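# Need the 3D shape of this:
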Amino acid sequence: MTHYAVTAVGADRPGIVAALTGALYELDCNLEDVSSTILRGTFAVTLVVRAAEGLESGGLSRRVDEAVGALGVSVSVREVDSQESRGEATDVLIVYGSDRPGIVARVTRLLAERGANITDLSCRLTGAVYSMVAEVTLPDEVDRAALAEEIRGVGRDLGVDVTFRPVVVETL
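Take a look at the predicted model:
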């Protein structure tokens, strides 16, 4: 079973998702993971699809390009490992503060140095306030309390408020 990551980017307008998913449906692809957003008028989506038997990336790419090309959307297709998953988030990091260069770079560099994997990231500039929310998977050997203190230190250096907490899953 072959899986592909299909990424599409273009000026936001109605019909992009319909054209893209319609083409994938016609090719007998199954959508397994989808993430999309609109950033300053630019639409971006990544879909992981399970392809029909025998469908190669070239044929998939051509058909999807035909479907969304008239909408001004650029598409890329690449094969992905069907067994990979993003992992379960163990922690959530939230950053708020005055906008300045380096917030995301400094915080994510620290996480990377500790072996943490960012499984989801959203950043927004609203007026002069910058917000960042990241779901993070920490390796078992990372000292969460020590990392939280390091993250707070980076926050103090940047002059932003930082919250770093474990994900708590409650069962009903």
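# low pLDDT regions in the chain?
Applying pLDDT under 70 to the chain flags residues 82-86, 171-172.
# okay, now the domains of it?
3-80, 91-166 (automatic domain parsing).
# Save those as a markdown table, and put in mean neighbour count too.
(Glycine included, C-beta is placed from N, CA and C.) A markdown table is the format used below for the domains of the chain (neighbours: other C-beta atoms under 10 Å):
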| stretch | mean neighbour count |
| --- | --- |
| domain 3-80 | 15 |
| domain 91-166 | 15 |
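# isn't there a helix covering Glu53?
No: with DSSP: H, G, I helix; E, B strand; the rest coil as the criterion, Glu53 is assigned coil and is not in a helix.
# Could you check how far it is from Thr2?
With distances taken as C-beta to C-beta, to the nearest Å, Glu53 is found 8 Å from Thr2.
# Please apply the same query to Ala19.
For Ala19, the distance to Thr2 (C-beta to C-beta) stands at 22 Å.
# Residues contacting the host helix or strand of Gly153, please?
Assigned by DSSP states H and E, Gly153 belongs to helix 144-158. Under the contact criterion C-beta atoms under 8 Å, 6 or more residues apart in numbering, helix 144-158 has outside partners 91, 93, 95, 97, 100, 102-103, 106-107, 110, 114, 116, 138, 161-162, 164, 166.
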